[in-house]
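S.K.: turn this into a model:
(4 chains)
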There are 2 protein chains.
Amino acid sequence: MLSKKTKYALHALTYLGKHREEKTVLIHDIAEEHGISHKFLENILLELKKAGLLGSKKGKGGGYYLIKEPQDIPLSKVIRLLDGPIALLPCVSLNYYEPCAECKSEVECGINKVMIQVRDETLKILENKTLQDILEK
Amino acid sequence: MLSKKTKYALHALTYLGKHREEKTVLIHDIAEEHGISHKFLENILLELKKAGLLGSKKGKGGGYYLIKEPQDIPLSKVIRLLDGPIALLPCVSLNYYEPCAECKSEVECGINKVMIQVRDETLKILENKTLQDILEK
DNA sequence: TTTAAACCCTATAAAAAAGATAGGGTTTAT
DNA sequence: ATAAACCCTATCTTTTTTATAGGGTTTAAA
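M.R.: Below you'll find the predicted structure:
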């Protein structure tokens, strides 16, 4: 399951996507709309900004705005950013690889082999669905 | 990512699958092979038994054994059993449904819509991959 | 140029989930 | 009879998640 961070991120991105005509959107407004803690949401938006999905403007009249087109923001990107690996095991993660403690040999491990396949197929799904799909509902 | 419980369960099932010729397999042997706590593994095997995947035999010479054919044990079954929902959000879970706190209306929620599609496609993958695939490596 | 609105940063803490341990009871093959 | 192995319940530790707090910095507009 997705963490609340990722869930909130998706809600925020959706909100920003719906308000693209406005130059900026206030954290406050997003937080209020979805009943999220202002400060917690702030951290999330900062991460999305660091990752290049959002831009922000300081000072009076400032706020956040989408920097990418919704169709260029796949779910895989958002999930990886806030929740980490998409792979089901560390030993098959592309972005967060770690060896498995229980595995004596990855080469001989059938679980490893299957999980690589699962990872690839799952990635196809999550790279294919974008913020655009959410906005289109 | 999968919890250790699920990971251990997959290792145990694999071990049992490889030793199907023997009538029973000792918890001890599986635990030792993969460096898992005996007691922790015991709990997991009990869950697999309750779910109808394993049988057990008490007394001297007893142990656990596979009750189903490997091709009839999909990853989805094991994951749901030990880790819970496969869906990314509670509001789209088939087996563990709960409404989302942040969502005002599921019907209007684009995230919900997309996650239903993700769930269905993910399920296809996880129902299609079975213990047999792991054993075949 | 002041000031209010909003972003930015660090540290800490509460709550929940995961992971593991302990200890004893019951069953059964030899 | 007894040792080997399954079965059950409760507790505890660690890690991760989910926040909260408080203050500093930047900037647009009056």
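
S.K.: now the residue nearest the centre of chain A. Its backbone dihedrals?
M.R.: Centroid-nearest residue in chain A: A:V78, 1.2 Å away (criterion: CA atoms, centre = their mean). For A:V78, the backbone dihedrals (degrees, to the nearest 10) come out as phi -70, psi -40.

S.K.: that one touches A:Y8, doesn't it?
M.R.: No: with contact defined as CB atoms under 8 Å, A:V78 does not count as touching A:Y8 (10.6 Å). Quick note: C-beta positions are derived from backbone N, CA and C, even for glycine.

S.K.: domains in chain A, as residue ranges please.
M.R.: The record, using automatic domain parsing to delimit domains, assigns chain A the ranges A:4-66, A:70-136.

S.K.: adding distance to DNA strand D and mean pLDDT, write those domains out as a markdown table.
M.R.: As requested, the domains of chain A are exported to a markdown table (distance: least, CB to the nearest atom of the strand, whole Å; pLDDT from 0 to 100):
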| stretch | distance to DNA strand D | mean pLDDT |
| --- | --- | --- |
| domain A:4-66 | 3 | 91 |
| domain A:70-136 | 7 | 94 |
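
S.K.: which one of the ones you listed lies closest to DNA strand C?
M.R.: Closest approach to DNA strand C among the domains of chain A (CB to the nearest atom of the strand): domain A:4-66, 3.9 Å.

S.K.: burial of A:E21, as a residue count?
M.R.: Residues lying near A:E21 (other CB atoms under 10 Å in any protein chain shown) number 5.

S.K.: just A:K5 next, same as before
M.R.: Neighbours of A:K5 (other CB under 10 Å): 17.

S.K.: residues in contact with stretch A:112-125: which ones?
M.R.: For stretch A:112-125, contacts defined as CB atoms under 8 Å, 6 or more residues apart in numbering or on different chains pick out A:76, A:86-89, A:91-94, A:100, A:103, A:106, B:75, B:118, B:121-122, B:125-126, B:129, B:133-134, B:137.

S.K.: mind giving me the PyMOL select for those, buried ones only?
M.R.: To isolate the buried ones among the contacts of stretch A:112-125 in PyMOL, judged by 16 or more other CB atoms under 10 Å in any protein chain shown, type:
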select buried, (chain A and resi 76+86+87+88+89+91+92+93+100+103) or (chain B and resi 75+118+121+122+125+126+129+133+134)
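
S.K.: the nearest residue to the residue nearest to the centre of chain A once chain neighbours are set aside: what's it in contact with?
M.R.: Using CB to CB, 6 or more residues apart in numbering or on different chains and skipping residues adjacent in sequence, the residue nearest A:V78 is A:A9, 5.5 Å away. By CB under 8 Å, 6+ apart, the residues touching A:A9 are A:44, A:47-48, A:78, A:81-82.

S.K.: sounds good, over and out.
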